[in-house]
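Peer 1: return atomic coordinates for the entry below.
(2 chains)
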Amino acid sequence: DGGITQSPKYLFRKEGQNVTLSCEQNLNHDAMYWYRQDPGQGLRLIYYSQIVNDFQKGDIAEGYSVSREKKESFPLTVTSAQKNPTAFYLCASRAGSNQPQHFGDGTRLSIL
Amino acid sequence: GQNIDQPTEMTATEGAIVQINCTYQTSGFNGLFWYQQHAGEAPTFLSYNVLDGLEEKGRFSSFLSRSKGYSYLLLKELQMKDSASYLCAVRSFKAAGNKLTFGGGTRVLVKP
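Peer 2: Sure, this is the predicted structure:
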């Protein structure tokens, strides 16, 4: 089945540690997005990529980094510079420009 | 910038109708999306409006008035499984990458 796979479902980070969240899609979508969601809040855009080997900062990119070496994959690294990383992270992808974004099941990141 | 407002919480009875309003301020409006999100899960796409009027999809309908910067999502014949958060998201053609800006979400509680 086609879809967006995020892993792991739960992730714990120690202070000063970088962690990487995986996002893979087999929908052949060009555009991919990373969002952060805090309890009771809407989604805020971290990074997005419209095409392989290109990505742009979203509204809250500080403390995060991404890569887009393959069309199917858009991993997000939460660096030690992100001082408040505890949140629900959602990856999304989109087909054409008038198509809706479709989301993976999310990764919940917590600090140990 | 963009500003999106929706009520934080609503309660309704099983079998009834609930209307979730969303008001927005944006330049270069290029579409409004509604998503449903159950607690701890990914948002799922419900509807898309880019022209004024009503879009109906089974028990769910969405309305848009561009001149008023206003949309609503109408849920009919409410079922217990409709208890979820409903996210309004706006796209602007002035925003690179077809980015969406999300409201904070409306949590709907359906009571027996």
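Peer 1: chain A against chain B: which residues are in contact?
Peer 2: Neighbours of chain B within chain A, by CB under 8 Å from any CB of the partner chain: A:31, A:33, A:35, A:40-45, A:48, A:50, A:56, A:58, A:88, A:90, A:94, A:97-98, A:100-106, A:108. Every C-beta, even on glycine, is put in place using the N, C-alpha and C of the backbone.
Peer 1: what about chain B, any weak spots by pLDDT?
Peer 2: Chain B contains residues with pLDDT under 70 at B:1.
Peer 1: returning to that earlier point: filter the residues of chain A next to chain B down to the buried ones, ChimeraX style.
Peer 2: Only the buried entries of the residues of chain A next to chain B go into this ChimeraX selection, using 16 or more other CB atoms under 10 Å in any protein chain shown:
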select /A:31,33,35,42,43,44,45,48,50,58,88,90,94,100,101,102,103,104,106
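Peer 1: so which of the residues of chain A next to chain B belong to strands?
Peer 2: Counted as lying in strands by DSSP state E, out of the residues of chain A next to chain B, are A:31, A:33, A:35, A:43-45, A:48, A:50, A:56, A:88, A:90, A:94, A:102-103, A:108.
Peer 1: what does chain B have sitting close to chain A?
Peer 2: Within reach of chain A by CB under 8 Å from any CB, chain B has these residues: B:4, B:8, B:31, B:33, B:40-45, B:48, B:50, B:87, B:89, B:96-100, B:102-105, B:107.
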